[in-house]
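[1] dropping the sequence and predicted coords here.
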Amino acid sequence: MTTIDTRARQAVKAMATLTYKPGKPIKDVQRRYKLSSVIKLASNENALGPSPKAVAALRKTTGQLHRYPDAACAELKAKLAKRLKVNASQIAVGNGSDELLVLALRAFVEPGDEVVVAEPTFLIYALQARASGAKVMRVPLNNLRYDLPLMRAVVSKHTKLVFIANPDNPTGSYVTKRELEEFLRGLPEQVVVVVDEAYYEFVDAKDYPQTVSYVNRAPVIVTRSFSKAYGLAGLRIGYCIARPSLIAALEAVREPFNVNRLAQDAAVAALDDRAFLERTRRMIRQGRAYLGLELAQLGLRVVPSVANFLLVELGPKASQAAQALLRRGVIVREMSAWKLDGFVRVTIGTMPENRRFIQALKEVVG
């Protein structure tokens, strides 16, 4: 790794060993292990591919690439507003929902302010909070679930942002409606709560909170993604919902033309592809049940998940097992970077992919 230049900000220099490492690309694994067929179950992508309606929209858009995109994302905002029953002024669109998380830090956090995160959870929260110069208050999970009472206890007069992943990545667990409402009740006025719902479309639980209904009565920013359920991870597009004053703060620090034209048109079309979305949900429900049963029969602990992935405990040799799976053409995510030693995270794929993973895992763990 190249050493960070000494002229960088102190907060940036402190991040030299904290970079986010994405899942291994399929082509790299094919080349390294001389494999003709590799399946990737590491990055929680949609195994069905992108929405067909989105692909059709992309073909139409390619002839317009010499024009700048709509900086306001007006068509997408209008469609989302109608779907969510909010005003377009309550929506911001980003280069993936990750960008919106960073914009929230840029808009609301001064150096030295406190940002509350769970540990472990999505790594970007703490990494980007550190980069902004914030003091990161880490609250451990309780039985691999968010401990909102403990997170509420560490909120102070210096707290500006709280990040809540719901469902959580990497555990797949979720915060209930009652837990979230109790957490929001009586928060200090300066606190903004960012609820990251990247896996929202996969949740069937009846006690899961419909957080959009909170945005008019609490300082809540709800972020969602087109990367997962809609299969548009390669285009990088997400959105958030909040009260207009919070959206205005995000828009003030947003770069112009932050969302490319292809992504905007694909997302507009994907919202109309209800058949593809339902097909994706069915695939996840079926695969989640199948993998849960097969992993249990192998005597492995599986964390209950409402998302499109499972967190699986393989024990002390999890890292070696992940490498052995790689050699068999199956990419999963080894979780030591999340301080979850002994665990791997497995994306739910198509049924042939799920069966291939189970067969390879049986060979590896005996």
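    Looks like it came in fine. Numbers count the residues shown, from 1 in each chain.
[2] averaged pLDDT, the top helix by length along the chain. What do you get?
    If you go by DSSP state H, the chain has its longest helix at helix 274-297. If you average the pLDDT over helix 274-297, you get 98.
[3] list of residues touching the next helix or strand after it?
    Per DSSP states H and E, the first helix or strand lying C-terminal to helix 274-297 is strand 301-303. Here strand 301-303 makes contact (C-beta atoms under 8 Å, 6 or more residues apart in numbering) with Leu144, Thr171, Gly172, Ser173, Leu291, Gly292, Leu295, Ala296, Leu310, Leu311, Val312, Glu313. C-beta here means a position set from N, CA and C on the backbone, and glycine is covered the same way.
[4] can you get me a residue count around the closest residue in space to the first one that isn't next to it in sequence?
    By the measure of C-beta to C-beta, 6 or more residues apart in numbering, the closest residue to Leu144 outside its immediate chain neighbours is Thr171, 4.7 Å from it. For Thr171, the neighbour count with other C-beta atoms under 10 Å is 28.
[5] and the pLDDT for Thr171?
    In this model, Thr171 carries a pLDDT of 98.
[6] and if you look at Ile26?
    Reading off the model, Ile26 has pLDDT 92.
[7] I'd assumed Lys40 was in contact with it.
    Yes: counting by C-beta atoms under 8 Å, Ile26 touches Lys40, with 5.3 Å between them.
[8] and the closest residue in space to Arg356 that isn't next to it in sequence, what does it touch?
    Distances taken as C-beta to C-beta, 6+ apart put Ile39 closest to Arg356, at 6.0 Å, once the chain neighbours are dropped. Taking C-beta under 8 Å, 6+ apart as the contact definition, Ile39 lies against Gly329, Val330, Ile331, Gly349, Glu353, Arg356, Phe357.
[9] show me which of those residues is closest to Leu184.
    Closest approach to Leu184 among the contacts of Ile39 (C-beta to C-beta): Gly349, at 35.9 Å.
[10] hmm, Phe357 and the closest one touching each other?
    Yes: contact status for Gly349 versus Phe357: in contact at 7.2 Å, counting by C-beta under 8 Å.
[11] quickly list the domain ranges of the chain.
    What automatic domain parsing lists as the domains of the chain is 10-49+275-365, 52-273.
[12] strands along the stretch 151-300 of the chain, start to end?
    Taking DSSP state E, counting those that start in this stretch as the criterion, the stretch 151-300 of the chain contains strands spanning 159-165, 192-196, 220-225, 238-241.
[13] reformat those as a markdown table; add mean neighbour count, distance to Tyr214 and mean pLDDT.
    Listed next are the strands of the stretch 151-300 of the chain as a markdown table, based on neighbours: other C-beta atoms under 10 Å; distance: least, C-beta to C-beta, whole Å; pLDDT from 0 to 100:
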| stretch | mean neighbour count | distance to Tyr214 | mean pLDDT |
| --- | --- | --- | --- |
| strand 159-165 | 25 | 12 | 98 |
| strand 192-196 | 24 | 8 | 98 |
| strand 220-225 | 26 | 5 | 98 |
| strand 238-241 | 26 | 10 | 98 |
